[in-house]
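Peer 1: Predicted model, plus sequence, below.
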Amino acid sequence: MGYIDDAFAKLKSNLEITKTEQDLAKARHEAIRDYVKLHWDLADDFLTGSYRRDTKTKKLKDIDIFIVIDDEGSQAGYRDQAPIQVINALETLLRQKWSDASRDGMAVVIPYGGDDEVMSIDVVPAFDREGGGYFIPNPSAGGWIATNPKRHHELSIAKNADCGGKYVPFVKMIKGINRELGEPVSPSFLLEVIAQSLVKPPISRYQDEIVLFLATAAERIGDEWPDPAGLGGDVNAVMNATQKLVAVDALNQARVIAERAVDLEDEGQERAAYDEWKKLFGNRMTRP
């Protein structure tokens, strides 16, 4: 392998969650889940989001927990109430042990101060959905929305297997670029949804795949990108027209840098190519 190939191999390693980080995350999310189960009747509880799909980039800004309320338990009545009621009740419960817990959209967030890698944990209440998936509160719309994070996880596992284990590291790299750019693409899950569609096996060099992805994503960021589980609405619905234009511009600027890096590498100027890639990955890109 060449110098840049070695740099990308090290980048892949730098983006992986360490055992220390995993142990800290595990201790924290298990403590929260155990506490809720002690006070509420649950049908299930599990991790979800990019941490569960192994596509989370460091730092671990947040970890998502789904708590599925038992339809026949003491809290079953919340399903027939306004979604804000279950959010308020969950916040009240969690604040008894974590005083900084607070509502944030459809979740209650427990923050952790300092320089911890695990900065916060989001707890999302849910109910089973007949026919598969779950209903979660959508306070901003005053109702409930359907989703199926377990299906998202299954799709990610299958795609990664089809791509010889290179899909998940690739998604982490794309999300790492998005974070370095100030996260113009929101939510970051949108990048995973686009990658599910655009990335085809076999995955070649990460360098070339990144150039291709950035170019195509810039062209299609404004397209409709429905929930891969077939339940929710368009994943990019949270971005307005102006935000999509900003995302297009950022992706194109990143593409120009990536193309220049690949050209420099092809010309044998690998140190210069490394300097270009570092503009997209920041401190995550370290010399091999």
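Peer 2: All right, it came through fine.
Peer 1: the strands in this protein, which residues?
Peer 2: 42-48, 63-69, 102-104, 107-111, 120-128, 134-138, 143-147 (DSSP state E).
Peer 1: Summarise which helices and strands the last one is packed against.
Peer 2: Packed against strand 143-147, as judged by 3 or more Cβ pairs under 8 Å, 6 or more residues apart in numbering; DSSP states H and E, are the following elements: strand 134-138. (Glycine included, C-beta is placed from N, CA and C.)
Peer 1: I'd like to check the angle between the strand it packs on and strand 107-111, please.
Peer 2: Relative orientation of strand 134-138 versus strand 107-111 (axes from the mean of the first three to the mean of the last three Cα atoms, to 10 degrees): 80 degrees.
Peer 1: which residues touch strand 134-138?
Peer 2: By Cβ atoms under 8 Å, 6 or more residues apart in numbering, the residues outside strand 134-138 that reach it are 66, 68, 79, 83-84, 86-87, 106, 124-129, 144-149.
Peer 1: Across the sheet, point out what pairs with Val109.
Peer 2: Per DSSP bridges, the residues bridged to Val109 are Ser102, Asp122.
Peer 1: Now the strands of the chain in JSON lines, please, with extra columns for distance to Pro184 and mean pLDDT.
Peer 2: Formatted as JSON lines, those follow (distance: least, Cβ to Cβ, whole Å; pLDDT from 0 to 100):
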{"stretch": "strand 42-48", "distance to Pro184": "24", "mean pLDDT": "91"}
{"stretch": "strand 63-69", "distance to Pro184": "22", "mean pLDDT": "92"}
{"stretch": "strand 102-104", "distance to Pro184": "21", "mean pLDDT": "92"}
{"stretch": "strand 107-111", "distance to Pro184": "23", "mean pLDDT": "93"}
{"stretch": "strand 120-128", "distance to Pro184": "22", "mean pLDDT": "93"}
{"stretch": "strand 134-138", "distance to Pro184": "24", "mean pLDDT": "92"}
{"stretch": "strand 143-147", "distance to Pro184": "24", "mean pLDDT": "89"}
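Peer 1: I'd like those strands as JSON lines, with distance to Glu180 and mean neighbour count appended.
Peer 2: Supplementary listing: the strands of the chain in JSON lines, determined by distance: least, Cβ to Cβ, whole Å; neighbours: other Cβ atoms under 10 Å:
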{"stretch": "strand 42-48", "distance to Glu180": "25", "mean neighbour count": "17"}
{"stretch": "strand 63-69", "distance to Glu180": "21", "mean neighbour count": "23"}
{"stretch": "strand 102-104", "distance to Glu180": "24", "mean neighbour count": "14"}
{"stretch": "strand 107-111", "distance to Glu180": "23", "mean neighbour count": "22"}
{"stretch": "strand 120-128", "distance to Glu180": "21", "mean neighbour count": "22"}
{"stretch": "strand 134-138", "distance to Glu180": "30", "mean neighbour count": "22"}
{"stretch": "strand 143-147", "distance to Glu180": "28", "mean neighbour count": "18"}
